[in-house]
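Asker: quick one, structure for this:
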Amino acid sequence: MEIGLGKNGRRAYELEEIGIVPARRTRDPEEVSITWQIDAYRFDTPLMGSPMDSIASPETVIAMGRQGALGVLDLEGLWTRYESPEPLLEEIRELDDEAATRRLQEIYAEPVKEELIGRRIEEIRRSGVVTAARLSPQHTAQYHKAVIDAGVDLFVIRGTTVSAEHVSGRAEPLNLKQFIYELDVPVVVGGCATYTAALHLMRTGAAGVLVGFGGGSGHTTRSVLGVSVPMASAIGDVAAARRDYLDESGGRYVHVIADGGMTRSGDIAKALACGSDAVMIGSPLARAAEAPGGGYHWGTESHHGELPRGERLQVGTIGSLESILHGPSLTSDGSMNLTGALRRTMATAGYSDLKEFQRVEVVVDPN
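Answerer: From the prediction side, this is the model:
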């Protein structure tokens, strides 16, 4: 599309702009499989919890694992900066909106402690669930040994925008290809939003690639940086990179994980329909009674020391983690029983498993 005489742009679509087309054949929702497997790890649902302090404590990560999802602990969050972060979580919940960003910056200025990294990972491992933890690209080289030594199962390298070719004249950039090759655990890396960036990340040896900018409903990346790619189109582009890399590599499959911007069960179904293998969600889980945020939600972008790109949002509390994931739902807005809604969508479209469901027909909704 022509933006002006000197600039063209491609039309892209948000998840809310597309719809899933029902098929002539329907199925019983109870006969639909929504299991997801990445590397050696199999899950009852294709849901990952975002590594945000408002969602993920060691206790809630364990609870997610026992509910068939994959929780991810942020190793640069409060749980690795403070021995007992509960009073600070309570303070964050009570902050005035105008003071929230400044106080978050002060709280998160406390250095990460390596001994706490090991202790938190060990706490999750002892429960028997799959242990996943996140570092930013900037701190992966510094702390990765503590993470691996503690016995993490899945390593998540997550930032607002992650590339395989970061250029810096100030410091030696992380060589993702060499780094991932030398690790003994599968790595999920992102975010990215384009075909080319995703293809380069897949060539590093990553087991999964995150699509999106990570902040979801609380991020202000678009208004602060002007950076934005609508999620439906971004997933479709990265799914195309997965297909081409599968041919290029002789059969190596890299999982596409949609990250951010999914607040309702319908958004999750649309993300999978566009080609993702799983989704990473934040605000739906922040509304659980067990969530550390207590009805508030914020991400790592909200407390950046120099350029915050996120906000603390009040999302409220609607029910238990189990009811949000598996029901029963007490609302009609798609905020509860996320897995039940996904099963029903797939059954309505006539598909029996997630891989088949990626082939479902979608349409652009003009409204």
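
Asker: isn't Gly299 right up against Ser50?
Answerer: Yes. Here Gly299 reaches Ser50: they are 7.2 Å apart, a contact under C-beta atoms under 8 Å. For every residue, glycine as well, the C-beta is placed using N, CA and C.

Asker: what about those two, which has more around it?
Answerer: A side-by-side neighbour count of Gly299 and Ser50, using other C-beta atoms under 10 Å, places Gly299 first with 30 against 27.

Asker: next, the more buried one: phi, psi?
Answerer: phi -120, psi -180 (degrees, to the nearest 10).

Asker: separation between it and Ile20?
Answerer: Distance, Gly299 to Ile20, using C-beta to C-beta, to the nearest Å: 28 Å.

Asker: same check, this time on Ile34
Answerer: Ile34 is 15 Å from Ile20, by C-beta to C-beta.

Asker: for the stretch 1-150 of the chain, just list every one of the helices.
Answerer: Using DSSP state H, counting those that start in this stretch, the helices of the stretch 1-150 of the chain run over residues 58-66, 78-81, 86-94, 97-107, 114-126, 137-149.

Asker: same deal with the stretch 151-300 of the chain?
Answerer: Using DSSP H, counting those that start in this stretch, helices in the stretch 151-300 of the chain cover 176-182, 195-202, 221-225, 231-248, 265-273, 283-286.

Asker: would you mind finding the most buried of those helices?
Answerer: Mean neighbours per residue, mean count of other C-beta atoms under 10 Å, is largest over those for helix 283-286, with a mean of 28.

Asker: centre of the chain versus it, how much separation?
Answerer: 12 Å (C-alpha atoms, centre = their mean, to the nearest Å).

Asker: number the chain from 136, please
Answerer: From this message on, residue numbering opens at 136, which makes the last subject helix 418-421.

Asker: and that helix, average pLDDT?
Answerer: Across helix 418-421, pLDDT averages out at 96.

Asker: roughly how far apart are the closest residue to Glu151 other than its chain neighbours and Glu241?
Answerer: Spatial nearest neighbour of Glu151, excluding adjacent residues (C-beta to C-beta, 6 or more residues apart in numbering): Asp402 at 7.5 Å. Noted for Asp402: a distance of 34 Å to Glu241, by C-beta to C-beta.

Asker: where in the stretch 286-435 of the chain is pLDDT low?
Answerer: Along the stretch 286-435 of the chain, the parts satisfying pLDDT under 70 run over 295-296, 298-308, 349-360.

Asker: how does it look with 50?
Answerer: Applying pLDDT under 50 to the stretch 286-435 of the chain picks out residues 301-304.

Asker: sorry, back to before: Arg478: which of the helices of the stretch 136-285 of the chain is closest?
Answerer: Smallest distance to Arg478 across the helices of the stretch 136-285 of the chain (C-beta to C-beta): 18.6 Å, for helix 193-201.

Asker: same for the closest one, what does it pack against?
Answerer: strand 182-184, strand 207-209, helix 249-261, helix 456-461 (3 or more C-beta pairs under 8 Å, 6 or more residues apart in numbering; DSSP states H and E).

Asker: which stretch among these is buried most, on average?
Answerer: It is strand 182-184: most buried of those by mean count of other C-beta under 10 Å, with a mean of 28.

Asker: and for it, what are the contacting residues?
Answerer: Contacts with strand 182-184, where a contact means C-beta atoms under 8 Å, 6 or more residues apart in numbering, come from 190-191, 195-196, 199, 204-207, 267, 392, 403, 413-417, 420, 460, 473-474.

Asker: mind checking how far that strand is from the chain centre?
Answerer: 7 Å.

Asker: same question, stretch 283-298
Answerer: Going by C-alpha atoms, centre = their mean, where stretch 283-298 is centred and where its chain is centred differ by 12 Å.

Asker: just to revisit the earlier point, let's have the helices and strands packed on helix 193-201 in JSON lines, adding distance to Glu218 and mean pLDDT.
Answerer: Listed next are those as JSON lines, based on distance: least, C-beta to C-beta, whole Å; pLDDT from 0 to 100:
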{"stretch": "strand 182-184", "distance to Glu218": "23", "mean pLDDT": "98"}
{"stretch": "strand 207-209", "distance to Glu218": "16", "mean pLDDT": "98"}
{"stretch": "helix 249-261", "distance to Glu218": "7", "mean pLDDT": "97"}
{"stretch": "helix 456-461", "distance to Glu218": "25", "mean pLDDT": "98"}
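
Asker: what's the closest of the ones you listed to Gly361?
Answerer: Closest approach to Gly361 among the helices and strands packed on helix 193-201 (C-beta to C-beta): strand 207-209, 26.0 Å.

Asker: neighbouring strands - and their directions - for the closest one?
Answerer: The pairing partners recorded for strand 207-209 under DSSP bridges are strand 267-270 (parallel).

Asker: then the strand it pairs with to CSV, C-alphas only?
Answerer: Extracted C-alpha coordinates of strand 267-270, given in CSV (Å, rounded to 0.1, in the frame of the first residue of the first chain):
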residue,chain,number,x,y,z
ALA,A,267,11.6,-23.0,32.8
ALA,A,268,13.3,-19.7,33.5
ARG,A,269,13.9,-16.5,31.7
LEU,A,270,16.9,-14.1,31.2
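
Asker: what's in contact with it?
Answerer: If you take C-beta under 8 Å, 6+ apart as the criterion, strand 267-270 is touched by 183, 186, 196, 205-211, 252, 255-256, 278-279, 282, 287-293, 323.

Asker: now the residue positioned nearest the centre of the chain: how far from Pro193?
Answerer: In the chain, the C-alpha nearest the mean C-alpha coordinate belongs to Met415, at 3.0 Å (C-alpha atoms, centre = their mean). Met415 sits 18 Å away from Pro193, taking C-beta to C-beta as the criterion.

Asker: so in terms of bridging, what pairs with Leu205?
Answerer: Going by DSSP bridges, Leu205 forms beta bridges with Met183.
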